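Sequence and predicted model, in that order:
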Amino acid sequence: MTGVPATTAMHFRNGAVAFAYLGTLLMEFVDEHKVKLDDTIERWMPQLSEANKVTLKMLANQTSGYPDFETDPKWLAAFNADPFHIWTFDVLELAMGNTDGSERDDEHRRHGHDRDPIDRCVPRTA
């Protein structure tokens, strides 16, 4: 952001770079028999809607069916109002509280940012 000096205390969103290292970490856990790709995320995040249907494999290949929070008008307004906010589970609550899973079918599968905050939770508890 123009006029704001960077400090070592700042966090930044690294975008698509995360897909490579989160996928690699997931596969390391699979190789170590800590998780299976067919494990559902209810093991780690039972509060998410349809957590008993969404698998780690679906997260890894962007087919979880959760809405993309980065296209949500409420999230965009909040992000633009405070770009330095450190987003945590409030992103998940905003985007995933009201999904019916319709984006999980072949016609609606697409890239989404839903996986990133969820993937950060799984390694902590695997």
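Structure's in. What do you need?

only C-alpha atoms for contact and neighbour calcs from this point on.
OK.

shaky segments in the chain?
12-15, 89-126 (pLDDT under 70).

packing partners for the longest helix belonging to it?
Looking across the chain with DSSP state H, the single longest helix is helix 17-31. Contacts defined by 3 or more CA pairs under 8 Å, 6 or more residues apart in numbering; DSSP states H and E place helix 17-31 against helix 115-125.

again, only using 10 Å
helix 56-60, helix 115-125 (3 or more CA pairs under 10 Å, 6 or more residues apart in numbering; DSSP states H and E).

What residues sit buried inside that helix?
Within helix 17-31, the residues that count as buried by 16 or more other CA atoms under 10 Å are Phe19, Leu22, Gly23, Leu26, Met27, Phe29.

same question, stretch 60-67
Ala60, Gln62, Thr63, Ser64, Gly65, Tyr66, Pro67.

So which of those residues is the closest to Pro73?
Among the buried residues of stretch 60-67, Pro67 lies closest to Pro73 (CA to CA), at 12.2 Å.

Next, that closest one: secondary structure please.
coil (DSSP: H, G, I helix; E, B strand; the rest coil).

mind checking which helix or strand Thr63 is in?
Under DSSP states H and E, no helix or strand contains Thr63.

That one against Lys53, yeah?
No. Applying CA atoms under 10 Å as the test, Thr63 and Lys53 come out as separate, 11.4 Å apart.

picking up where we left off before, dump the buried residues of helix 17-31 into JSON lines; add distance to Ile41 as well.
Output for the buried residues of helix 17-31, formatted as JSON lines (distance: CA to CA, whole Å):
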{"residue": "Phe19", "distance to Ile41": "18"}
{"residue": "Leu22", "distance to Ile41": "15"}
{"residue": "Gly23", "distance to Ile41": "15"}
{"residue": "Leu26", "distance to Ile41": "13"}
{"residue": "Met27", "distance to Ile41": "15"}
{"residue": "Phe29", "distance to Ile41": "14"}
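
Nothing else from me, thank you.
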